[in-house]
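**Student:** sequence first, predicted coordinates after that:
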Amino acid sequence: MENPALSIVVPVHNEQENVGPLIGEVFEALADFPGGVELVIVDDGSTDGTLARLQEGARRDPRIRLARFRRNLGQTAAMAAGFRLARGRAVATLDGDLQNDPKDVPALVALLNDWDVVCGVRTRRQDRWIKRISSRIANGFRNWATGDDIVDTGCTLKAYRRQWLDRLELYHGMHRFLPTLLKMQGARVTQVPVRHRPRLRGQTHYGTWGRLVKGLADVWAVRWMQRNHIDYAVVLEPMPEPVPDMVEHQPNVTSQAPEVKTE
């Protein structure tokens, strides 16, 4: 499948128990998706049996494409690598822990007919209260500092038109600000409610307070980018091509003096 309609990008780190259910649920939810689907999974330096199970899945299903980091680089790096590998006209992202429901993906992708980015907003979150509170603090601070209105920046379930991802250059921690960064480029962004499920296997790999502190620090980097972003498109006026002058060219006639006869 060289040009699938949709690429599902999933970063994973030490999720060996979730690999099999993840693959099964994704392809079941998108079995009838028109144009075909590929599943791009980036192993972010796992130290358990995640890679072996991914390779086993890829041998069974050619729609699975794999990449891995030899050491852990973080979720932003894994997502950026997945974006580079994705070949679909549309790209959707999911968490590898199955707290996002793959059945929500088709509805988000359908909205790309009218939008460039569709962000999921987790309803009835199935997380501990301390994680919900830290997310609320972080979201409120980010929106206050950046002037944005993204309700749930921590929700990985999103859909994108591929061309908007091609122009992105991401740094550590910037996956939380993807909608804001793309808005700076002129992307049309909307938000829709999505399901959220409890984690049934494994454990989270991102500490609550460490993630909160890092996320708050990253806000200032994004705010600097907003203030220094050059949006020349609003004042740029392409000049029309000059019309060549219509010069009538006369043949080059050399005048000769009359012949003088001598006697």
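**Tutor:** In hand now; what should we look at? No experiment lies behind these values; they were computed from the predicted model shown.
**Student:** for Ala90, give me its contacts.
**Tutor:** Going by Cβ atoms under 8 Å, 6 or more residues apart in numbering, Ala90 touches Ala5, Leu6, Ser7, Val109, Leu112, Ala159, Tyr160, Arg161, Arg162. Where you see a C-beta, it was placed from the backbone N, CA and C, and this is true even at glycine.
**Student:** mind putting the residues you listed in JSON lines, secondary structure, distance to Arg199 and neighbour count included?
**Tutor:** Putting those into JSON lines (DSSP: H, G, I helix; E, B strand; the rest coil; distance: Cβ to Cβ, whole Å; neighbours: other Cβ atoms under 10 Å) gives the following:
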{"residue": "Ala5", "secondary structure": "coil", "distance to Arg199": "30", "neighbour count": "17"}
{"residue": "Leu6", "secondary structure": "strand", "distance to Arg199": "25", "neighbour count": "25"}
{"residue": "Ser7", "secondary structure": "strand", "distance to Arg199": "24", "neighbour count": "25"}
{"residue": "Val109", "secondary structure": "helix", "distance to Arg199": "25", "neighbour count": "24"}
{"residue": "Leu112", "secondary structure": "helix", "distance to Arg199": "28", "neighbour count": "21"}
{"residue": "Ala159", "secondary structure": "strand", "distance to Arg199": "23", "neighbour count": "26"}
{"residue": "Tyr160", "secondary structure": "strand", "distance to Arg199": "25", "neighbour count": "30"}
{"residue": "Arg161", "secondary structure": "strand", "distance to Arg199": "30", "neighbour count": "20"}
{"residue": "Arg162", "secondary structure": "helix", "distance to Arg199": "30", "neighbour count": "16"}
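**Student:** how about the helices in the chain?
**Tutor:** According to DSSP state H, the chain carries its helices in the segments 16-29, 50-60, 75-85, 105-110, 129-146, 162-165, 178-184, 208-228.
**Student:** list the buried ones in the third one?
**Tutor:** When you say that, I think you mean helix 75-85. Of all the residues in helix 75-85, those buried under the rule 16 or more other Cβ atoms under 10 Å are Gln75, Thr76, Ala77, Ala78, Met79, Ala80, Ala81, Gly82, Phe83, Leu85.
**Student:** ok, so of the contacts of Ala90, who is nearest Gly24?
**Tutor:** Leu6 (17.3 Å; Cβ to Cβ).
**Student:** which residues does the closest one contact?
**Tutor:** 30, 33, 35-38, 88-92, 105, 109.
**Student:** which of those residues fall within strands?
**Tutor:** Val37, Glu38, Ala90, Val91, Ala92 (DSSP state E).
**Student:** who wins for most neighbours among those residues?
**Tutor:** Ala92 (29 neighbours; other Cβ atoms under 10 Å).
**Student:** where's it relative to Gly49, distance?
**Tutor:** 26 Å (Cβ to Cβ, to the nearest Å).
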